[in-house]
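Asks: what follows is a predicted structure for the sequence shown.
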Amino acid sequence: MVDQQNIKLKLSNPQDIVILSHRNPDGDAVGSSIGLARFLQKWKHVVKVIFPSEYPLAFQYLVNEQVQPMIYDLQPQECLDVIKRSSVIFLLDFNALDRIDKMGETVMFSTASKVLIDHHIDPEPIADIVISDTASSSTSELVFLFIQSMGMADRIDQSIGEALLTGIITDTGSFKYSTRGLTYRIAGELKEMGIDDYRIQNHIFNSLEPKNLKLLGHCLANRMVILPEYKAAYIYLTKEDYTLFGISRGDTEGIVNYLLMMKDISLAALITEQPTIIKISLRSKDDINVQQMASLHFNGGGHKNASGGSAYAKLDDVISRFVKVLPNYIKHQTL
Ligand code: 5GP
Ligand code: MN
């Protein structure tokens, strides 16, 4: 067992470290993992990063020879061996072991020191040290503070800073939500260190292919359903849509947010048919709590205004379930 005081002591000797983040890693999962990995490598540790499934190509600019993330789906046995060999395990940007699939069991039985750094609601007791703060914009922000709390912020270099700023920018939608004063101060410090935020924003937001814009057009023109009486809207995508547009799961990132651009819409969902499950992404404005909806009805979780989940069911059934539970989260409006 380690606690927060002696993790620095433990890290003062070289360790075999593995950093794990969640399935379908987003910018914060990738940024916080690669940022922390680079920092620990500079400190002479042997560090591996593992994601359960592949990360979006848009984040390829964060990958270099020093950190090449391993993907469990592509090399399961090698990933389990890395976890078994590790003396320190960092769990980043998730709060329950089922978010890392089969690797969860290996982590559970490992005797390594486990450190969870996360900002989702209701973390499960899966680590010796839990750095969990739902007020934080992102896990990347918490990794910055973790490094700072050890008095080592001066070791943050370009590659670490770029990775952490990527996580902050993606999880706040370019500083539109989930921010606090500290978020801007940290972003300011990173910028003053010479991190090129413009380059990062370009990588993240201006790297689409034509098929992405065609898919967006299709979603908004043909797959959008508005429920004005509940101030809600959803977009659904079938397996055939995925084939027709030649897209994969990561290509739908951000589409759900378009629904909230409508002034009278306060709750939005993207419901997609995956090979074996139906995935739901939920977003809301103000006090509407989609984290509750995700955890109670869709076996998921996340944040108050951004959550997700999944179901082993038919697409139509998940849509019906979503419409049926809506009145519990948003008052019926007389039109
Ligand atoms: P997204 O809708 O972009 O996939 O995810 C939004 C938020 O909900 C993220 O913070 C993500 O970690 C969380 N989330 C998405 N899917 C799931 C899920 O299946 N289970 C849990 N617990 N959280 C999820
Ligand atoms: Mn995050």
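Replies: Yep, that arrived. Residues are numbered from 1 along each chain as shown. Ligands and ions are numbered 1, 2, ... in the order given.

Asks: list the buried residues of stretch 284-294.
Replies: 284, 288-294 (16 or more other CB atoms under 10 Å). Where C-beta positions appear, they are placed from N, C-alpha and C, glycine not excepted.

Asks: strands along the stretch 151-300 of the chain, start to end?
Replies: With DSSP state E, counting those that start in this stretch as the criterion, the stretch 151-300 of the chain has strands at 224-227, 232-237, 267-273, 278-284.

Asks: quick check: the farthest pair among the buried residues of stretch 284-294?
Replies: I288 and A294 (12.2 Å; CB to CB).

Asks: enumerate the residues of the protein near ligand 2.
Replies: Contact residues, the chain versus ligand 2 (CB under 5 Å from the ion): 28, 93, 138-139, 171.

Asks: can you name the residues of the protein sitting close to ligand 1?
Replies: 99, 120, 281, 300-303, 306-310 (CB under 6 Å from any ligand atom).

Asks: adding distance to D133, neighbour count and secondary structure, write the residues you listed out as a markdown table.
Replies: Formatted as a markdown table, the residues of the chain next to ligand 1 follow (distance: CB to CB, whole Å; neighbours: other CB atoms under 10 Å; DSSP: H, G, I helix; E, B strand; the rest coil):
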| residue | distance to D133 | neighbour count | secondary structure |
| --- | --- | --- | --- |
| R99 | 18 | 23 | helix |
| H120 | 10 | 20 | coil |
| S281 | 23 | 26 | strand |
| G300 | 20 | 22 | coil |
| G301 | 16 | 21 | strand |
| G302 | 15 | 21 | strand |
| H303 | 12 | 21 | coil |
| A306 | 16 | 20 | strand |
| S307 | 17 | 24 | strand |
| G308 | 20 | 21 | strand |
| G309 | 22 | 23 | strand |
| S310 | 26 | 17 | strand |
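
Asks: which of these lies closest to F39?
Replies: H120 (22.2 Å).

Asks: and the closest one, what does it touch?
Replies: When contacts are counted by CB atoms under 8 Å, 6 or more residues apart in numbering, H120 touches 93-95, 132, 134, 301-303.

Asks: which of the strands of the stretch 151-300 of the chain sits closest to Q4?
Replies: Q4 sits nearest to strand 278-284 of all those, at 32.9 Å, using CB to CB.

Asks: looking at the residues of the chain next to ligand 2, which has the most residues close by?
Replies: The residue in those with the most neighbours, by other CB atoms under 10 Å, is T139 (34 neighbours).

Asks: which residues touch that one?
Replies: Neighbouring residues of T139 by CB under 8 Å, 6+ apart: 28-29, 32, 92-93, 117-119, 167, 171.

Asks: confidence score at I330?
Replies: We have a pLDDT of 88 for I330.

Asks: any idea how far the residue in the chain positioned nearest to ligand 2 is from S310?
Replies: Relative to ligand 2, the nearest point of the chain is D28 (3.4 Å; CB to the ion). Distance, D28 to S310, by CB to CB, to the nearest Å: 19 Å.

Asks: burial count for K304?
Replies: If you count neighbours by other CB under 10 Å, K304 ends up with 16.

Asks: quick revisit: can I get the residues of the chain next to ligand 1 in JSON lines including pLDDT?
Replies: Shown next, in JSON lines, are the residues of the chain next to ligand 1 (pLDDT from 0 to 100):
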{"residue": "R99", "pLDDT": "96"}
{"residue": "H120", "pLDDT": "97"}
{"residue": "S281", "pLDDT": "98"}
{"residue": "G300", "pLDDT": "96"}
{"residue": "G301", "pLDDT": "95"}
{"residue": "G302", "pLDDT": "96"}
{"residue": "H303", "pLDDT": "96"}
{"residue": "A306", "pLDDT": "97"}
{"residue": "S307", "pLDDT": "97"}
{"residue": "G308", "pLDDT": "97"}
{"residue": "G309", "pLDDT": "97"}
{"residue": "S310", "pLDDT": "97"}
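
Asks: now, the most widely separated pair of these?
Replies: Within the residues of the chain next to ligand 1, H303 and S310 form the most distant pair, 16.8 Å apart (CB to CB).

Asks: C-terminal to the longest helix anywhere in the chain, what's the next element?
Replies: Counting by DSSP state H, the longest helix found in the chain is helix 27-42. Following helix 27-42 in sequence order, the next helix or strand is strand 46-51 (DSSP states H and E).
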